[in-house]
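> A predicted structure for the sequence below; I have some questions about it.
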Amino acid sequence: MRNRILEIVVLLIDYFREHQDHFMNVEDLSTTLKARGYTDSEISSAYSWLLERYDDAPERYFSDIPEFPTFNRVLSESERYVVSPEAHGFLLKLLNLAVIDNEQFETILERAGVVASLPLTLDQAKMIVSSVIFRDLEGIDRISMFDAESDFLSIIN
């Protein structure tokens with residue numbers, strides 16, 4: 001569920017960033033998200049997280065998002081071994097959308113190095129990001145996080 005909430009957060013930030021001059025009302029936006037298969041609970045959690053994080057002033061937050069990123073984090077050689085290009089691209093997008101900050105970015109990379117011995121996939125990155133931004137530190141459970149990937153399990157067992 002946390003991954004789906006993260007997806008909604010990214011969709012909302014992308015939407016607000018692209019439509020700064022005219023926002024759709026929340027009901028219409030929620031209806032659009034429901035049509036994409038998200039539940040009321042997931043949508044509500046995403047809205048709540050955004051409002052809590054930005055002190056109930058999302059219009060101020062979204063107006064401060066730079067049109068173009070000011071920098072891109074370059075991975076070291078060892079980090080490139082640990083993080084797939086898709087996962088790195090996703091992390092850069094979150095960093096540039098200000099969903100995560102530099103410290104959280106580094107925390108995510110650190111956790112990826114600890115829990116993954118193969119290049120971190122996009123789905124694995126989403127799990128780690130979700131645990132970091134939603135502050136669920138106990139959510140990093142290697143078995144539940146990677147149970148769909150039998151090859152990974154055989155390596156860590």
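Great, that's in hand. Residues are numbered from 1 along each chain as shown.
> Tell me how the chain divides into domains.
Taking automatic domain parsing as the reference, the chain has its domains at 2-63, 77-156.
> could you pull out the helices for this protein?
2-18, 26-35, 40-53, 58-63, 77-82, 85-96, 102-115, 122-133, 142-146, 150-156 (DSSP state H).
> one step back: quickly, which of the domains of the chain bottoms out on average pLDDT?
Mean pLDDT across the domains of the chain is lowest at domain 77-156; the value there is a mean of 75.
> now that domain, how far from the chain's geometric center?
Relative to its chain's centre, domain 77-156 lies at 10 Å (CA atoms, centre = their mean, to the nearest Å).
> residues contacting Y81?
P119 (CB atoms under 8 Å, 6 or more residues apart in numbering). Every C-beta, even on glycine, is put in place using the N, C-alpha and C of the backbone.
> Check I8 too.
Applying CB under 8 Å, 6+ apart, one finds that I8 lies in contact with 33, 38, 42-43, 45-46.
> same thing but 6 Å
Neighbour list for I8: 38, 46 [criterion: CB atoms under 6 Å, 6 or more residues apart in numbering].
> Return the distance of it relative to L120.
Here I8 is placed at a distance of 22 Å from L120 (CB to CB, to the nearest Å).
> ditto for L97
L97 sits at a distance of 19 Å from L120 (criterion: CB to CB).
> between the two, which one's more packed in?
More neighbours surround L120 than the other of L97 and L120, with 27 against 18 (other CB atoms under 10 Å).
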